[in-house]
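A.B. asks: got a sequence here, can you model it:
(chains A, B, C and D)
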2 protein chains.
Amino acid sequence: MAVARKPNVGVTELAQKTGITKSRAYRLLHTMEQRQIVKRTSESTYGLGDAMLILGITASTQTDMIRLATPILEELCQRVNETVQLRIIDGVEALCIAKAEPSRDLRVHANVGRRRPLYAGSPKCLLAYQQPDFIDRCVPAKPPALTAQTPKSRRAILAELERIRGQGYCVSRGEVSEHQVSCAAPVYALDTSVVASIHVVAPAFRIRDSELAHIIRLATSAAERLSRALGWSEEG
Amino acid sequence: MAVARKPNVGVTELAQKTGITKSRAYRLLHTMEQRQIVKRTSESTYGLGDAMLILGITASTQTDMIRLATPILEELCQRVNETVQLRIIDGVEALCIAKAEPSRDLRVHANVGRRRPLYAGSPKCLLAYQQPDFIDRCVPAKPPALTAQTPKSRRAILAELERIRGQGYCVSRGEVSEHQVSCAAPVYALDTSVVASIHVVAPAFRIRDSELAHIIRLATSAAERLSRALGWSEEG
DNA sequence: CCTAGGCGTTTCGTCTACCGAAACAAGATC
DNA sequence: GATCTTGTTTCGGTAGACGAAACGCCTAGG
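C.D. replies: Below is the predicted model of the structure:
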């Protein structure tokens, strides 16, 4: 898992990160390489191997989340005619685990596996519903100003999270990338915790406020349907 | 990996399949459950867990195969306007690890993670280039007759594999499913072994022989481009 | 209603194979 | 060429994994 978090590093650094001895790290990597769990990406750096690829693909067919989400994402994608993503929290980042893209030429491109910080743009929708101490760790004191619209202070972000919790969705107008607008709605699990979020992301010029309201309704509805499919119900 | 191969089984069966004692199987599953590598799918059956999902998604971004293949599959998909798949061998089956689908209404649906036998239909393209003893193990003496077009004997299948090796591609007209036609071309790795295959699969009524020839050319070309991207060259 | 056999789970004493520290080889950097 | 780095190997000691067997708890079947 350390290799997954930070690929293309050597034995020594991995040993330090994980707090194990260099001998042990070397031996573990060596046997993992034999089993194709990791592979060398260069002379002495490691990345995840083919076995993990196969296991991961198999896991995605065994795991309810993606299997249940795929048709919902595709229907939402078709209705809004924009790119749709499903994200979960991994570590202190938002990880895209599924997507659906419309067939029109000009669209926002999405990548399964891409990570984004939780404190900026629509990933805030995921962050808003986490434990206070986790939120505390994730929001930096001085967030980097990606665009003119990026919230400039920790205080501003925390206020935004509060608003998200109140209205039940999140809208980001050019916070991460100048000409993109995205909105997201939370997906609840059986235990009423938020386990994922559904995002619609589009070129800013195409989305007027009236359309945005419509998109939010559809996204919220899709998120709610996925929540129900995962066992959640209104009265948890 | 045994859990991946056969999900929803209990401790005892897994212990037998893997040849380890029941005690060991139980303890391993127990700690794997804590680490979210596996999870219980019911009271006493196991499936792959969330950690494997995350690792697998991460692996797919670190692994050259899928990263390099995705744009090639999408271009091929756009050109033939039919569903396109990338398959590899896992165990004695063909595993779909990536796909691209056109946006037209009537199309063949593909699922990443789905497995198919190697001895029927276009997966024969993968089988044809394997070691003789592996082929021997994969081709059953009495193949099940899925449709009227399914090869009826072991001998017929072996002859077909020979033909595939000769022409460099594989065509299946309704061998697995009555109204589907599919063709496939092999993807070579640096060591000139066949590591994957690119498949185009379409409704039979839409594909006349003249179009089929065109599709084969495009599929073969796409497979060759992927091969080159993986380091293969004409004179290996 | 009882028994037999299946399951997952727990215990226990043995002993193995994994561990950390240290040495070693091989490049880098200066 | 001295001195840092890397990755790799050796070695003795012991932590902890191991298999066998026992233990509840089921269900099936007589």
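
A.B. asks: centroid-wise, who is the farthest residue in chain A?
C.D. replies: A:Ser23 (34.7 Å; C-alpha atoms, centre = their mean).

A.B. asks: where's that residue, which helix or strand?
C.D. replies: helix A:22-34 (DSSP states H and E).

A.B. asks: quick one: mean pLDDT for that helix?
C.D. replies: Averaged over helix A:22-34, pLDDT sits at 93.

A.B. asks: send the alpha carbons of it over as CSV?
C.D. replies: Provided in CSV are the C-alpha atoms of helix A:22-34 (Å, rounded to 0.1, in the frame of the first residue of the first chain):
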residue,chain,number,x,y,z
LYS,A,22,15.6,-1.9,5.2
SER,A,23,16.3,-5.6,5.3
ARG,A,24,12.6,-6.4,5.8
ALA,A,25,11.5,-3.9,3.1
TYR,A,26,14.0,-5.5,0.7
ARG,A,27,12.8,-9.0,1.4
LEU,A,28,9.1,-8.1,1.2
LEU,A,29,9.6,-6.3,-2.1
HIS,A,30,11.6,-9.2,-3.4
THR,A,31,8.9,-11.8,-2.7
MET,A,32,6.2,-9.4,-3.8
GLU,A,33,8.0,-9.0,-7.1
GLN,A,34,8.1,-12.8,-7.5
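
A.B. asks: other residues contacting that helix?
C.D. replies: When contacts are defined by C-beta atoms under 8 Å, 6 or more residues apart in numbering or on different chains, helix A:22-34 is touched by residues A:11-12, A:14-15, A:18, A:20, A:38-40, A:46, A:49. For the C-beta atoms, the positions are set from N, CA and C on the backbone; glycine is no exception.

A.B. asks: and chain B, which of those residues reach it?
C.D. replies: A:Gly49 (C-beta under 8 Å from any C-beta of the partner chain).

A.B. asks: now, the contacts of helix A:22-34 that are in strands?
C.D. replies: A:38-40, A:46 (DSSP state E).

A.B. asks: from those, list just the buried residues.
C.D. replies: A:38-39, A:46 (16 or more other C-beta atoms under 10 Å in any protein chain shown).

A.B. asks: and of those, the nearest to DNA strand C?
C.D. replies: Of all those, DNA strand C sits closest to A:Val38, with 15.3 Å by C-beta to the nearest atom of the strand.

A.B. asks: quick check: the closest one vs B:Leu118, distance?
C.D. replies: Shown here: A:Val38 relative to B:Leu118, a distance of 27 Å by C-beta to C-beta, to the nearest Å.

A.B. asks: with A:Ala189 instead?
C.D. replies: 38 Å.

A.B. asks: how about A:Pro123?
C.D. replies: A:Pro123 is 42 Å from B:Leu118, by C-beta to C-beta.

A.B. asks: tell me what the helix or strand containing A:Ala59 is packed against?
C.D. replies: If you go by DSSP H and E, A:Ala59 is part of helix A:50-62. Packing partners of helix A:50-62 (3 or more C-beta pairs under 8 Å, 6 or more residues apart in numbering or on different chains; DSSP states H and E): helix A:64-80, helix B:2-5, strand B:45-48, helix B:50-62, strand B:93-100.

A.B. asks: would you turn those into a markdown table with mean pLDDT and distance to DNA strand C?
C.D. replies: A markdown table is the format used below for the helices and strands packed on helix A:50-62 (pLDDT from 0 to 100; distance: least, C-beta to the nearest atom of the strand, whole Å):
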| stretch | mean pLDDT | distance to DNA strand C |
| --- | --- | --- |
| helix A:64-80 | 94 | 21 |
| helix B:2-5 | 91 | 12 |
| strand B:45-48 | 94 | 7 |
| helix B:50-62 | 91 | 19 |
| strand B:93-100 | 95 | 25 |
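
A.B. asks: arrange the ones you listed in JSON lines, one row each, with distance to B:Leu146 as further columns.
C.D. replies: Formatted as JSON lines, these follow (distance: least, C-beta to C-beta, whole Å):
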{"stretch": "helix A:64-80", "distance to B:Leu146": "25"}
{"stretch": "helix B:2-5", "distance to B:Leu146": "23"}
{"stretch": "strand B:45-48", "distance to B:Leu146": "28"}
{"stretch": "helix B:50-62", "distance to B:Leu146": "30"}
{"stretch": "strand B:93-100", "distance to B:Leu146": "15"}
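
A.B. asks: got those as a markdown table, with distance to DNA strand D columns?
C.D. replies: Below are those laid out as a markdown table (distance: least, C-beta to the nearest atom of the strand, whole Å):
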| stretch | distance to DNA strand D |
| --- | --- |
| helix A:64-80 | 25 |
| helix B:2-5 | 15 |
| strand B:45-48 | 15 |
| helix B:50-62 | 17 |
| strand B:93-100 | 28 |
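
A.B. asks: what's opposite the nearest residue to A:Gln85 once chain neighbours are set aside in the beta bridge?
C.D. replies: Once flanking residues are discounted, A:Gln85 sits nearest to A:His199: 4.3 Å by C-beta to C-beta, 6 or more residues apart in numbering or on different chains. Beta bridges link A:His199 to A:Gln85, A:Ala184, judged by DSSP bridges.

A.B. asks: quick one, what contacts A:His199?
C.D. replies: Contacts of A:His199 by C-beta under 8 Å, 6+ apart are A:84-87, A:122, A:125, A:182-184, A:219.

A.B. asks: and the gap between it and B:Ser233?
C.D. replies: 41 Å.

A.B. asks: so for the longest helix along chain A, what gets flagged as buried?
C.D. replies: In chain A, with assignment by DSSP state H, the single longest helix is helix A:209-229. Buried residues in helix A:209-229, counted by 16+ other C-beta under 10 Å: A:212, A:215-216, A:218-220, A:222-227, A:229.

A.B. asks: quick check: mean pLDDT of it?
C.D. replies: 96.

A.B. asks: gap between A:Ala213 and chain B?
C.D. replies: A:Ala213 sits at a distance of 26 Å from chain B (criterion: C-beta to the nearest C-beta, to the nearest Å).

A.B. asks: and the residue of chain A found nearest DNA strand D, how far from chain B?
C.D. replies: Scanning chain A for the residue nearest DNA strand D gives A:Gly10, at 2.1 Å (criterion: C-beta to the nearest atom of the strand). Distance of A:Gly10 to chain B, computed by C-beta to the nearest C-beta: 16 Å.

A.B. asks: quick check: that residue touching A:Gly47?
C.D. replies: No: using C-beta atoms under 8 Å, A:Gly10 is not in contact with A:Gly47; the gap is 11.8 Å.

A.B. asks: could you check which of these two has the larger neighbour count?
C.D. replies: A:Gly47 (21 against 15; other C-beta atoms under 10 Å in any protein chain shown).

A.B. asks: identify the bridge partners of the more buried one.
C.D. replies: Under the criterion used (DSSP bridges), A:Gly47 bridges to A:Lys39.

A.B. asks: re the thing from before, with distance to B:Ala148 added, can I get the contacts of A:His199 in JSON lines?
C.D. replies: As requested, the contacts of A:His199 are exported to JSON lines (distance: C-beta to C-beta, whole Å):
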{"residue": "A:Val84", "distance to B:Ala148": "41"}
{"residue": "A:Gln85", "distance to B:Ala148": "44"}
{"residue": "A:Leu86", "distance to B:Ala148": "42"}
{"residue": "A:Arg87", "distance to B:Ala148": "47"}
{"residue": "A:Ser122", "distance to B:Ala148": "52"}
{"residue": "A:Cys125", "distance to B:Ala148": "53"}
{"residue": "A:Ser182", "distance to B:Ala148": "51"}
{"residue": "A:Cys183", "distance to B:Ala148": "52"}
{"residue": "A:Ala184", "distance to B:Ala148": "50"}
{"residue": "A:Ala219", "distance to B:Ala148": "47"}
